[in-house]
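Let me see the structure of the following:
(chains A and B)
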Amino acid sequence: MNYLSKDIRTIHNAILDGKVTPLDLVIEAISLAKKDNNNAFEYICEKEAIQKAKSLDKNKISKLLYGIPVVIKDNYATKDIPTTASSNILNGYVPVFSSEVVTRLENEGAIVIGKSTMDELAMGGTGTNGHLGITYNPWDKSHTHIIGGSSSGSAASVSAGIVPFSIGSDTGDSVRKPASYAGLVGLKPTWGRISRYGLFPFACSLDHVAYFTRNVFDSACILNVLAGRDDKDFSSSFKEVEDYTKQLDNPLLGKKIAVIKEINDSVSSQTIKEQFNKTVAFLRDNGAVVDEISIDQKLLRAIYSTYIIIASAEATSNYASLDGIKFGNRIDGNSYEEVVKKTRTAGFSAYAKRRFVIGSLSLLKENQNELFLRAQKCRRLIVNAFNKVFEKYDAIYAPASPTVAPLIKTTKVQIDNDSLIADNYMAFANLGGFPSITIPIGFCDGLPFGGNLTAKPFDESNLLNIANELEKKTGLANIVAGK
Amino acid sequence: MELEAIIGLEIHVQLKTKSKMFSSALVSFGCPPNTNVDLSDMAFPGSLPTVNKKAVIYAIQMANALHMQIDDTLIFERKNYFYSDLPKGYQLTQHYRPIGKNGYVEIEEDGKIKRIGILQLHIEEDACKQMHLKNKSLLDFNRAGIPLLEIVSLPEINSGREAAKYVEEIRSIVTYLNISDGKMEEGSLRVDINVSVKEKGSLGYGTKVEIKNLNSISNIQKAIDYEINRQQKIILSNEKVKKETRRYNEKQKKTELMRIKLDSVDYKYFTDPNIVPIKLSEDFIKSAIDSSPELAKQKLERYLSYGVSNNDARQLLADKDISNYFETGMKKCSYPKEFAKWINQEVLSYLNKYKISILDFNVSPSQLVELINLIKNNAISNKQAKQVFDKMVEANKDAKEIIDGMGLTQESDETELTKIIDEILDKNSQAITDYQNGRDKAIRYLIGEVMKVTRGKANPSLTNKLIKERIERR
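Next up, the predicted model:
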């Protein structure tokens, strides 16, 4: 029996009942990973994972994640396991330490079976821009549709049923958007809720540890493990960690939910619009108050450019360490300037360089006021507008993408000026650090799409509660591509 | 045309905290290269900075000593540039919100006090140490991340001498606060100088020339004086001073060109997103200030109140280790004035003669205090004390022990001395007559006779007093 396409609780019970062992699970996951034809893996940890499965501490068997295989996005440092962030500049880099997230998962008994492909250095939202090429969407056997990114391989490995959950990272919508295209639950908790220690920084003020599961309950369970203060990350919160499964089944009666007219209006797919409205009706039927409200279009349109400027500015500084002197595949030269230039020219893709140029440009003295600082002010205005909504509402609910996964051939890697509000609004949750979750709400032409719920900072319990009640109505928990 | 020089100084002080500014690696000197390095010192991807609280306390103490406004929010910026000694590709520093603003120090020249304004004090991190060999460069990350304080003066200094006094004062403050070794020769205190010359009284500034690589305070003075002279000559011959960075050549005693300054580098400063702004509570700032060690200035007042002479007090304070020696001794000493004098005369001349530090001096403060006490209690004479001191240094023994061994203890027993004096007076009636006729010499002769009998052990002043008394009684 294939357990890996089940939810975590079912697998856990099977382990407790002796029906399956961690080693069985790991061997199966690795064999599936090897057969994967979606280009989901940077590295399969065959030896390491089998070794871990054999040496698991049996006293930990009662822990939910004991023996559960997991895939980690390749921008998390994993000790003794190559970590490239899907960039040529980091080819062959083997970290000497593990990220806090990986450490916490391993302490609970989870077993890392692979590192997943991504858009280079987490920049990009298509899954087409990693050094190993395009990552495909398991729901589309013809390999013509994207899976989205940047956490593309992590999304593919869960939706293909290789592992029951995977770790990604979310700086703009890099988990929540692919979750929509892959039919998964993607949660990005509050900024500071999970330690970023060991996550390769792309844009620290926007970067979030985030992850994929196939149902909301599993999502709450993983948060129980990952949330909490870590002294190694100065920005991690001291706020008490709750049991996030406790309030999952609370009734929706009296919950106040806002849907935003301007986002809905810009959704292009009629099917998505209709299905979204049906789910709104579910919420209302279960006693939630759902109001349609308006947010200034100008602010909503500004989300993307604000995000791009801040993210690129921070990225250009964060990746300055990859200079061929300490890190990065060095290409030699006659001076350190030459080493830096040659190494970086060869190591980064054109798309990454483009982002660095934008970032650098916006930080230059003569531009900083007009670009970087204006973006910071804009960030404040956008966050204020959403904070205002959260004064009255428990959550904002909107389609997680305006369409199902787009075709690869129509996908632009370039940075785009006239994109849809509905395609880019989710970055508001990164600008404000709000907890935000995507769950599947329907299908169109065989491809899944999701809805997104966002709440005020540290209101994860409430957020997961609403998502869980919604999931009960959609019946789309635990869907796996090709099953 | 009358010209004047305008000088501004940037001083970097390495803090002697246990660990680095943003990591837990140890700050320790003289270790093998690359042994005190943490992940973030080497910019391992995914490593994150944490803030060293002790360094913040030191910065507050320094800001307070420089009479500055102290910012209640701690924020760090990234200074972005590529350089081989810079691990992260940026340096964490405080660009927009320095922890200290608008302060000053006072320097004294020819009895006049001059106030030198200080624009700001900020916290930052040191870079790697580089060693350039023939065809390769080596990097030592032990230095990367060591906390630095940068102190930026206002351009209110007008001569090499003033600059030297200013640096001397900053050095004194950091060493007395015990926040830095303050050693220029070892790089724990580094000085960059901006010198420009303009027509006296004119608005604006002349072209700034930067001088780097100065390894002593006396070189600062020499380099500035040379540079002022150089620039004056250029201006007076109607040429233009070039914007450049120069270094001081110690052998030739002149500044020489390092590089021409092109447009200044754009460091693309922005606030570090990993270190969320830290609110410094009033209590935190106050307790940092309250726990500040005493500065030289405050110590001076205290020493003067003990009755130590102004010159002696200043001389003790010129070296923190010597003032520490004095203070340790003072715990048991009732004669501060004499103790200070002894240190400044006998001890310093010994240290200078053998070129050793007081830390390596083998007579402890309490041993020296014991010697002073013996003098003051008339157990030995000053002259004897000097012999005893020499033996103490040589043999590393207590004064008492040496005095006993040398048979030097003074005869201070009045009854015993009186007996001896009476016997001598009986034999020397001529001397008594001479004394009564006003001849002082006679007393000295009589003291000499007493000394002969006692083999020099008689307490001279007591003997003097007793001889006079005994003659009166006759």
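
Would you map the strands across chain A?
A:41-44, A:69-73, A:111-116, A:165-170, A:185-188, A:208-213, A:256-260, A:289-293, A:395-399, A:436-444, A:447-455 (DSSP state E).

okay if I get the ones you listed as TSV plus mean neighbour count, distance to B:Glu469 and mean pLDDT?
C-beta here means a position set from N, CA and C on the backbone, and glycine is covered the same way. Formatted as TSV, these follow (neighbours: other CB atoms under 10 Å in any protein chain shown; distance: least, CB to CB, whole Å; pLDDT from 0 to 100):
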stretch	mean neighbour count	distance to B:Glu469	mean pLDDT
strand A:41-44	22	104	98
strand A:69-73	31	100	98
strand A:111-116	29	100	98
strand A:165-170	29	98	98
strand A:185-188	32	100	98
strand A:208-213	29	95	98
strand A:256-260	20	107	98
strand A:289-293	14	110	98
strand A:395-399	26	106	98
strand A:436-444	26	103	98
strand A:447-455	26	101	98
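
can you put these in JSON lines and add distance to B:Lys101?
Shown next, in JSON lines, are these (distance: least, CB to CB, whole Å):
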{"stretch": "strand A:41-44", "distance to B:Lys101": "49"}
{"stretch": "strand A:69-73", "distance to B:Lys101": "44"}
{"stretch": "strand A:111-116", "distance to B:Lys101": "48"}
{"stretch": "strand A:165-170", "distance to B:Lys101": "39"}
{"stretch": "strand A:185-188", "distance to B:Lys101": "39"}
{"stretch": "strand A:208-213", "distance to B:Lys101": "35"}
{"stretch": "strand A:256-260", "distance to B:Lys101": "44"}
{"stretch": "strand A:289-293", "distance to B:Lys101": "45"}
{"stretch": "strand A:395-399", "distance to B:Lys101": "42"}
{"stretch": "strand A:436-444", "distance to B:Lys101": "40"}
{"stretch": "strand A:447-455", "distance to B:Lys101": "41"}
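
and A:Tyr3, which of the ones you listed is closest to it?
Closest of the strands of chain A to A:Tyr3 is strand A:69-73, at 9.7 Å (criterion: CB to CB).

what packs against that closest one?
On a contact count with 3 or more CB pairs under 8 Å, 6 or more residues apart in numbering or on different chains; DSSP states H and E, strand A:69-73 meets helix A:22-35, helix A:100-107, strand A:111-116, helix A:152-159, strand A:165-170.

okay, the ones you listed, which one's buried deepest?
helix A:152-159 (a mean of 35; mean count of other CB atoms under 10 Å in any protein chain shown).

what about that one, average pLDDT?
Here helix A:152-159 scores 98 as its mean pLDDT.

looking at the strands of chain A, which is closest to B:Gln94?
strand A:208-213 (27.1 Å).

give the contact list for the residue nearest to A:Ser116 when sequence neighbours are not counted.
The shortest distance from A:Ser116 to any non-neighbouring residue, by CB to CB, 6 or more residues apart in numbering or on different chains, is to A:Gly153 (2.9 Å). Contacts for A:Gly153 were tallied using CB atoms under 8 Å, 6 or more residues apart in numbering or on different chains; they are A:38-42, A:71, A:73-74, A:116-118, A:127, A:130, A:135.

Quickly list the domain ranges of the chain.
Using chain A here. A:8-252+A:397-474, A:302-376 (automatic domain parsing).

wrong chain, I was asking about chain B
In the recorded assignment (automatic domain parsing), chain B comprises B:3-282, B:294-406, B:414-473.

Any idea how far the first one is from the middle of the chain?
Remark: domain B:3-282 is offset 19 Å from the chain centroid, using CA atoms, centre = their mean, to the nearest Å.

Ok, stretch A:464-480 next?
18 Å.

go on, stretch B:467-474?
Stretch B:467-474 sits 54 Å away from the centroid of its parent chain (CA atoms, centre = their mean).

now that stretch: mean pLDDT?
Mean predicted confidence for stretch B:467-474 is 84.

CA atoms only for that stretch, dumped as CSV, please.
What follows is stretch B:467-474, C-alpha atoms only, in CSV (Å, rounded to 0.1, in the frame of the first residue of the first chain):
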residue,chain,number,x,y,z
ILE,B,467,69.9,67.1,71.3
LYS,B,468,68.3,70.5,71.3
GLU,B,469,66.1,69.6,74.3
ARG,B,470,69.0,68.1,76.3
ILE,B,471,71.2,71.2,75.7
GLU,B,472,68.4,73.4,76.9
ARG,B,473,68.1,71.4,80.1
ARG,B,474,71.8,71.8,81.0
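
Would you indicate which residues of it are buried?
B:Ile467, B:Arg470, B:Ile471 (16 or more other CB atoms under 10 Å in any protein chain shown).

Just put these in a markdown table and tack on secondary structure and distance to A:Ile310.
A markdown table is the format used below for the buried residues of stretch B:467-474 (DSSP: H, G, I helix; E, B strand; the rest coil; distance: CB to CB, whole Å):
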| residue | secondary structure | distance to A:Ile310 |
| --- | --- | --- |
| B:Ile467 | helix | 95 |
| B:Arg470 | helix | 99 |
| B:Ile471 | helix | 100 |
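
Serialize the domains of chain B to CSV and add fields for distance to A:Asn430.
Putting the domains of chain B into CSV (distance: least, CB to CB, whole Å) gives the following:
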stretch, distance to A:Asn430
domain B:3-282, 12
domain B:294-406, 49
domain B:414-473, 88
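
Export those to a markdown table and append columns for distance to chain A.
What follows is these, written out as a markdown table (distance: least, CB to the nearest CB, whole Å):
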| stretch | distance to chain A |
| --- | --- |
| domain B:3-282 | 2 |
| domain B:294-406 | 33 |
| domain B:414-473 | 69 |
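
mean pLDDT lowest for which of those domains?
Taking the mean pLDDT of the domains of chain B, domain B:414-473 comes last: a mean of 83.

Noted, bye for now.
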